[in-house]
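**Q** have a look; sequence and predicted model below, questions after that.
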Amino acid sequence: MEPPSSQEQRCASDILVGRTRVDAVSPISTHLDYQSENRRTRLLTTMQSQGTIPRYPEEAGIEGVAHSVQDRGTRAILLSESSGSTGNSRISSDFPRQQKPNVKGPPTWWWWWWWWWEIGAAVLSITSLVLLFVLLSKSDGRRLQSWYLPIQPNSLIAVLTTVAKTSMMVPVASCLSQLKWRHFISQPRPLDQFQVMDDASRGPWGSFMLLIKGLKIRTFLPLSLAFVTVVGLGFEPSAQQILDFPERTSVLANVSAEVGIATEYLSKGFVPGNTVWKLEPSTDLFRLQSSLIDGISGAVFEPNFNCPSDYCTWDDFTTLGICSAYQNLTGRIEMSCDDPDDPLFNCTYIFPDGKGSTIARNVTFGDLGKSQYLRVESFRSWFESTAPQNRSGVLSAVKVTNYDLYRNAIPGIGFAYPEPPVTESYFTRFYWCAQTFRNVTAIPRQLSYGSVDVEELNEIQYDIGGGCSCTVFSSPTAGTNFTVDSTLVEYLMDYLENLLTQAVINVAPYSPQVNTIDLANYLYTANFQNLTVNLAATISNQIRSADPGDNKNASTVHGIAHTKEIYIHVRWPWTILPAATVLITSMLLVLAILVNMKHPLLKSSALALLFHGLDDDFAGIHPGQLETAEKIEHAAKSMRVHLAASGEDPLLKFRRQE
């Protein structure tokens with residue numbers, strides 16, 4: 001075929017642009033008859049075969065298109081063509097006449113248009129992920145106070161995850177854009193799927209719609225990339241959950257806790273004089289006595305301890321102390337009374353003495369004096385030291401719970417003889433013991449014990465000599481020896497006898513008698529078991545303490561000082577989603593590169609869509625029908641197209657398939 005003349009080329013160019021150029025705002029239709037249309041088609045085919053009109057070689061890529069457009073100085077306008085059978089608007093090009101396009105191969109900067117940007121973005125995403133895991137591994141368990149960077153851990157993680165996700169979305173969007181072209185090159189597809197896949201490359205909503213319509217598309221790579229895009233919405237929320245900042249206790253270096261213990265007891269209050277049975281005056285004795293009364297009332301003296309931190313612990317330790325053994329003997333002891341018909345009668349209670357024998361305790365319950373009023377004892381307690389040398393003591397008490405003042409009242413007199421009272425009986429034994437404390441903890445103002453094991457001590461030596469009038473007690477199981485000043489051993493039990501031997505006497509109809517220190521009424525109303533436990537604990541704690549305290553030879557045992565600190569805790573399960581999305585994206589990028597090795601790389605180029613638009617076989621589209629995107633999409637659903645070349649036109653175009 002002979003090449004067309006210059007006049008024919010100008011004619012073809014005029015026919016190509018329809019002789020009338022319009023913009024996208026005000027389209028003008030120009031009617032061409034059927035013969036002109038056929039002539040234009042022949043001229044275009046001839047010019048394409050000679051290279052005057054560009055064809056799109058598959059190996060050129062979209063950068064080749066842009067390069068060709070730049071070389072030719074192509075100008076594009078939207079023009080409208082009308083004929084008896086067709087009418088639509090299209091983009092056309094005004095090529096410089098007498099100039100051949102340069103589309104013989106890719107441009108010299110081939111590294112620019114291949115997958116290098118996507119690969120670089122994937123590498124950046126993986127690098128950010130690796131840095132994230134390195135940061136987390138080095139920060140896990142670290143004290144927050146020791147964090148030395150000016151940016152906080154959460155902020156640094158936010159930066160790394162933002163970089164990782166942003167760079168991850170670059171290959172995702174690019175692969176989706178490229179796969180939409182391959183989708184139509186592989187086989188004919190409904191034209192509306194082009195829009196669906198293009199929307200998927202633009203963000204999560206389009207990807208979500210692609211997943212919904214995935215049953216119709218049925219392509220693995222686009223659906224996988226769309227899934228990654230949607231799942232990527234959880235990237236930032238997961239990253240925010242990675243770090244936690246709980247509290248924990250840690251050991252303070254060069255700081256020690258202390259708590260008082262005693263293996264020897266040299267009293268500061270009971271100071272022996274230079275003669276037998278004489279005590280030296282001491283203000284410490286009154287402090288000890290005051291502490292014992294406070295202990296009876298419930299304010300137990302605390303042993304000396306020092307906890308210089310938030311929390312302190314000690315290993316198990318054993319110390320000297322006083323222990324108590326309480327028994328409620330109500331209804332279990334023998335009681336006998338004088339003739340209750342006598343206005344004045346006594347009742348005798350038989351208590352154990354703590355050594356396998358018994359002690360008789362007498363209580364007077366009636367006294368009809370000259371005033372014709374009855375004196376009744378509602379409470380009586382006894383403390384008695386036990387031999388030898390007052391090594392221990394027993395406290396027994398009788399408490400009246402119901403006293404019927406009269407029985408068988410005589411008419412005209414108004415009262416008669418009293419009934420025997422209803423009483424409760426208590427018994428407590430105090431003895432020297434070894435106390436083993438376990439799981440000892442403390443906060444700055446409170447000392448706590450997990451458990452206390454007690455063992456009664458045996459006396460192995462009295463008055464050991466060598467300038468020390470001391471008694472040595474020994475633990476039967478541990479074999480530990482404890483030394484106690486003999487004067488203290490004797491005088492302590494004597495003091496408790498004077499302190500705790502009390503009585504509450506009511507004189508009807510008057511109120512109970514009140515002494516200077518009304519200890520008797522407190523003993524009568526208090527919980528007797530708690531009272532004796534508190535008294536024994538107070539004495540033991542005084543023994544373990546020097547100042548304040550009563551033991552000159554008290555010592556201390558060292559413990560561990562802990563402090564509460566905020567530390568960084570990594571919740572590793574929350575890293576699964578960011579790591580999985582980045583790695584899956586990288587694998588999908590590799591697959592996308594492989595499946596597109598023999599296809600033009602058009603990706604998201606808008607120029608590619610202009611060069612590879614619809615061919616001229618789309619009849620039945622009338623002016624005004626495609627005025628909105630919705631109408632275009634509706635029309636595309638009924639069109640099945642294939643991105644391919646034809647025998648007459650080697651340029652790839654969306655060609656209609658019936």
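**A** Happy to help now that I have it.
**Q** the helix or strand hosting Leu594: which residues count as buried?
**A** Element membership of Leu594, judged by DSSP states H and E, is helix 576-595. Of the residues in helix 576-595, 577-579, 581-582, 584-586, 588-589, 592-593, 595 count as buried by neighbour count, 16 or more other Cβ atoms under 10 Å. All C-beta atoms are positioned from the backbone trio N, CA, C, and that covers glycine.
**Q** which elements pack onto it?
**A** Where contact means 3 or more Cβ pairs under 8 Å, 6 or more residues apart in numbering; DSSP states H and E, helix 576-595 is packed against helix 116-139, helix 153-186, helix 220-231, helix 235-240.
**Q** so the longest one versus helix 116-139, what angle?
**A** Between the direction of helix 153-186 and that of helix 116-139, the angle (axes from the mean of the first three to the mean of the last three Cα atoms, to 10 degrees) works out to 150 degrees.
**Q** and the helices and strands packed on helix 576-595: which comes nearest Tyr495?
**A** Set against Tyr495 and scored by Cβ to Cβ, the helices and strands packed on helix 576-595 come closest in helix 116-139, at 62.5 Å.
**Q** in the closest one, what's buried?
**A** Across helix 116-139, burial judged by 16+ other Cβ under 10 Å covers 118-119, 121-122, 124-126, 128-129, 132, 135-136, 139.
**Q** and what of stretch 248-256?
**A** Neighbour-count burial for stretch 248-256, counted by 16+ other Cβ under 10 Å, picks out Leu252.
**Q** what residues does that stretch touch?
**A** Contact with stretch 248-256 is made by 143, 308-311, 558-565, 567, as judged by Cβ atoms under 8 Å, 6 or more residues apart in numbering.
**Q** what is the mean pLDDT for it?
**A** The pLDDT scores in stretch 248-256 average 85.
**Q** and the closest residue to Ala226 other than its chain neighbours, what helix or strand is that in?
**A** Spatial nearest neighbour of Ala226, chain neighbours left out: Ser207 (3.7 Å); criterion: Cβ to Cβ, 6 or more residues apart in numbering. Using DSSP H and E, Ser207 falls within helix 204-212.
**Q** tell me what angle that helix forms with helix 220-231.
**A** 130 degrees.
**Q** name the helices or strands packed onto helix 204-212?
**A** helix 192-200, helix 220-231.
**Q** buried residues, it. List them.
**A** Within helix 204-212, the residues scored as buried using 16+ other Cβ under 10 Å are Gly206, Ser207, Phe208, Leu210, Leu211.
**Q** so who does Glu424 touch?
**A** Applying Cβ under 8 Å, 6+ apart, we find Glu424 in contact with Asn328, Thr330, Val398, Lys399, Thr401.
**Q** pretty sure it is in a helix, no?
**A** No - Glu424: not assigned to a helix; according to DSSP: H, G, I helix; E, B strand; the rest coil it is strand.
**Q** pLDDT value on Ser146, please?
**A** 86.
**Q** where does the stretch 301-450 of the chain dip in pLDDT?
**A** 339-345, 353-360, 362, 364-377, 387-391, 403-420 (pLDDT under 70).
**Q** so where do the strands sit in it?
**A** For the stretch 301-450 of the chain, the strands defined by DSSP state E, counting those that start in this stretch cover 305-306, 311-314, 317-328, 334-337, 346-352, 358-364, 375-386, 392-402, 422-438, 440-443, 446-448.
**Q** in CSV: those, plus distance to Gln461.
**A** Formatted as CSV, the strands of the stretch 301-450 of the chain follow (distance: least, Cβ to Cβ, whole Å):
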stretch, distance to Gln461
strand 305-306, 31
strand 311-314, 30
strand 317-328, 15
strand 334-337, 38
strand 346-352, 28
strand 358-364, 29
strand 375-386, 19
strand 392-402, 17
strand 422-438, 14
strand 440-443, 30
strand 446-448, 33
